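Asker: Sequence first, then the predicted structure, then my questions.
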Amino acid sequence: MSATVRKRRGLLAAIASISDGAIIRAAFFALLAGTAAVLYLDWKELTAADLATSGTPDIPVLPAFNPDDPMLPGGPMVTTDPEVLRQPLMVELGPGGVLSLTGSIDPGSFERVEAEINARGEYVKQVSLNSPGGSVTDAVKIGALIVAGEYTTVVAPGALCASSCPLILAGGKERLASKRSAIGVHQIYAMAKASDLPTGLAGVGSAMSEAQRTTAVITRYLNTTTVDPAVWLYALETPPTQLYYFSEDELRQYRLVTRFTD
């Protein structure tokens, strides 16, 4: 018997002597290690891309996303100048008690809205939204102010309410929109520079923990409104570089809009 044959038989005998449980455990840990490696590589790719170098989205009007129709063309027509939407959130009380919130929801937006409501909240009847989103924390806090004030929220024809903006829309006692409004959501992401984020597996764990914590905050907030929290499932499955634009039927089904103005 050759040395090669003896080695092969010895190897087969060694494998045969391993219990099924040991094999399953080894396969599990190999799978776990592989998953961790993939998560790490994904995290490196995301941080290298530096998705958010500032507190506002780079592109206010994002392309549409629909898992059932990936070739879907762009979303509803938005008539607002994209440069206006890129600006930090402007808070302005206009005629008829309409408090307009226009632009990106940058960190500190809540304080500006709160100051305006504290100063002239008794005149506010509607909160008009035209925003590509931004800070989730600020959006939830602004939404809570609207819930407390029992104001009506509205998205005008040709206006955009995207990303975290629908959280503000959800706070309205009555929620109005046009069939020509653009209302959409996508996944949340870290509003920080990649250089400031932890790296390696610690970074992966930190990102996953923060995403779960933020999702819990959003769910609890939506439970204080009359909107179906299941609406946020569309955000969870939509890439942050695209938007899931809600149809008229979906806006009614999840009660994100209580009445259309046209």
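Answerer: Looks like it came in fine.
Asker: For the closest residue to residue 139 other than its chain neighbours, give me phi and psi.
Answerer: Using C-beta to C-beta, 6 or more residues apart in numbering and skipping residues adjacent in sequence, the residue nearest residue 139 is residue 164, 3.8 Å away. Yep, even glycine has a C-beta here, placed from its N, CA and C like the rest. The phi and psi values for residue 164, taken as degrees, to the nearest 10, are phi -90, psi -10.
Asker: and residue 164, how many residues sit next to it?
Answerer: 28 (other C-beta atoms under 10 Å).
Asker: Then residue 136?
Answerer: Neighbours of residue 136 (other C-beta under 10 Å): 20.
Asker: same question, the one 5 residues further on
Answerer: Applying other C-beta under 10 Å, we find 19 other residues in the vicinity of residue 141.
Asker: mind checking how far it is from residue 168?
Answerer: Residue 141 sits 10 Å away from residue 168, going by C-beta to C-beta, to the nearest Å.
Asker: do the same with residue 76
Answerer: According to C-beta to C-beta, residue 76 and residue 168 sit 18 Å apart.
Asker: Which one's more surrounded, the two?
Answerer: residue 168 (28 against 19).
Asker: same for the host helix or strand of that one, what does it pack against?
Answerer: Secondary-structure assignment from DSSP states H and E places residue 168 in helix 165-169. Other elements packing on helix 165-169 under the criterion 3 or more C-beta pairs under 8 Å, 6 or more residues apart in numbering; DSSP states H and E are strand 126-130, helix 136-149, strand 152-155, strand 182-185, helix 200-222.
Asker: TSV for those, including mean pLDDT and distance to residue 84?
Answerer: Converted to TSV, those look like this (pLDDT from 0 to 100; distance: least, C-beta to C-beta, whole Å):
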stretch	mean pLDDT	distance to residue 84
strand 126-130	98	8
helix 136-149	97	18
strand 152-155	98	15
strand 182-185	95	14
helix 200-222	74	26
